[in-house]
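1. Coordinates for the following, if possible.
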Amino acid sequence: MSQRPPRPRAFRLDDRRIAVDDRPAPYAPEAVIRSQHDPIPAGVAPLPIDEAELKIETAQKSGLIARSRFTLARLAWAGLGGLLSLALGLWATNLIEGLFARAESLGIIGLIFGVVFLIGLVGVAAREMVAVARQTRIAELHVALARARAADDRAEARRLVGRLVALYRDRPETARARAEVEDAMQAIIDGRDLIDVAERALLRPLDERAQGEIAAAAKRVSLVTAISPRAILDVVFVVAQIVRLVRRIAEIYGGRPGLLGLVKLARSIGAHIAITGGMAVGDSLLQQLVGHGIASRISARMGEGVLNGLLTARVGLSALAVCRPAPFSVDKAPGVSEVAPFLFSKGD
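-> Reported below is the predicted structural model:
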């Protein structure tokens with residue numbers, strides 16, 4: 001029969017009857033660190049990725065990661081773009097030749113303006129490509145972090161958290177959070193815990209800023225559209241606010257979307273809204289409105305303002321889910337009622 005270890009007892013440090021035993025302990029706990037290349041032991045399976053994260057991954061792939069398949073629509077757009085480029089080049093050539101025919105000085109000035117235009121065009125195109133590539137890397141980082149956390153992959157988690165820290169290297173307000181995460185990378189062994197620490201330190205303050213932007217945009221839209229005299233003004237204002245909100249959320253999480261970046265983000269956001277079921281996950285629009293006693297208490301015009309505010313908040317939450325470089329693991333993903341509770345307040 002094995003000897004049981006002594007049970008813990010309380011004692012005072014100044015008790016003279018207490019003697020310190022310097023002998024090594026008769027047994028010591030054993031810890032086994034498994035490499036990422038080792039097979040997973042029998043009976044131990046990685047945690048499945050959350051269903052919401054799978055929806056976000058699907059939306060990101062549909063809008064941000066380029067698909068190389070050939071389609072007739074792409075062929076048509078490529079032909080149209082080529083024709084427009086040739087037409088623009090021919091017009092510019094004829095213009096400069098006409099200026100040279102009138103006066104050599106006018107031709108030189110026109111040529112200089114043409115070169116300046118080409119330089120600016122190349123710069124804009126390069127900036128758009130860099131912005132799209134940066135947003136694509138953020139989307140890929142989100143998916144990779146979700147998979148590394150589900151598998152509890154220590155080596156992969158360290159590599160991905162390092163990329164997450166580097167993403168905010170030029171943001172002075174994240175200096176303290178980055179230092180905390182870098183210390184955790186040296187002290188924490190478990191990959192899942194390391195990702196949770198990085199989310200808590202780096203992304204929680206950014207989440208609060210993004211949710212504040214969503215709440216402010218939803219409030220502006222609901223107030224302005226409630227008093228707007230024309231429906232066309234409502235549409236223009238809502239679209240402008242949504243574009244501004246999407247751009248702002250992308251910038252908060254480290255993206256720098258230009259025109260093409262916004263188009264690709266719009267595709268991802270649209271896919272995310274379609275996948276998650278419109279206005280809210282698990283709740284219909286009727287439940288959101290009638291369930292809070294709004295439809296029976298406010299005027300039709302005020303109801304339109306509330307509806308537009310809900311739409312803005314929902315688009316903002318989809319933008320937050322798509323632009324966030326890591327999955328929600330420590331905190332629960334926010335809902336419409338959490339970021340814009342004023343839309344659900346009951347009338348007196």
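2. show me where pLDDT drops low in the stretch 201-348 of the chain?
-> 271-303, 344-348 (pLDDT under 70).
3. can you rerun that using 90?
-> Within the stretch 201-348 of the chain, the ranges that satisfy pLDDT under 90 run 201-204, 207, 217-247, 250-348.
4. which non-adjacent residue is nearest residue 101?
-> residue 107 (7.9 Å; CB to CB, 6 or more residues apart in numbering). Yep, even glycine has a C-beta here, placed from its N, CA and C like the rest.
5. my guess is that neighbour contacts residue 95, does it?
-> No. Between residue 107 and residue 95 there is no contact under CB atoms under 8 Å: 9.7 Å.
6. of those two, who's got more company?
-> residue 107 (17 against 14; other CB atoms under 10 Å).
7. residue contacts, residue 132?
-> Neighbouring residues of residue 132 by CB atoms under 8 Å, 6 or more residues apart in numbering: 258, 260-261, 264.
8. quick one: which of these sit in helices?
-> When these are checked against helices (DSSP state H), the matches are 260-261, 264.
9. For those, which single residue is the most surrounded?
-> Most surrounded of the ones in helices among the contacts of residue 132: other CB under 10 Å gives residue 261, at 25 neighbours.
10. what's downstream of the lengthiest helix in the chain, the next helix or strand?
-> Secondary structure of the chain per DSSP H: the longest helix is helix 104-151. Using DSSP states H and E, the helix or strand that follows helix 104-151 in sequence is helix 154-167.
11. What angle do helix 104-151 and that next one make with each other?
-> Angle, helix 154-167 to helix 104-151, by axes from the mean of the first three to the mean of the last three CA atoms, to 10 degrees: 150 degrees.
12. Identify the residue spatially nearest to residue 124, adjacent ones excluded.
-> residue 258 (7.8 Å).
13. Run through the residues that contact that neighbour.
-> Contact analysis of residue 258 by CB under 8 Å, 6+ apart lists 124, 127-128, 131-132.
14. For residue 188, give me phi and psi.
-> Here is the backbone geometry of residue 188 (degrees, to the nearest 10): phi -100, psi 130.
15. if I read this right, it contacts residue 196, doesn't it?
-> No. Residue 188 is beyond contact range of residue 196, at 9.3 Å (criterion: CB under 8 Å).
16. Now the common contact residues for these two.
-> Common contacts of residue 188 and residue 196, defined by CB under 8 Å, 6+ apart, are absent altogether.
17. State the three-state secondary structure for residue 330.
-> coil (DSSP: H, G, I helix; E, B strand; the rest coil).
18. now it: how far from residue 248?
-> Using CB to CB, to the nearest Å, we find residue 330 at a distance of 24 Å from residue 248.
19. Give me the more crowded residue out of these two.
-> residue 248 (18 against 15).
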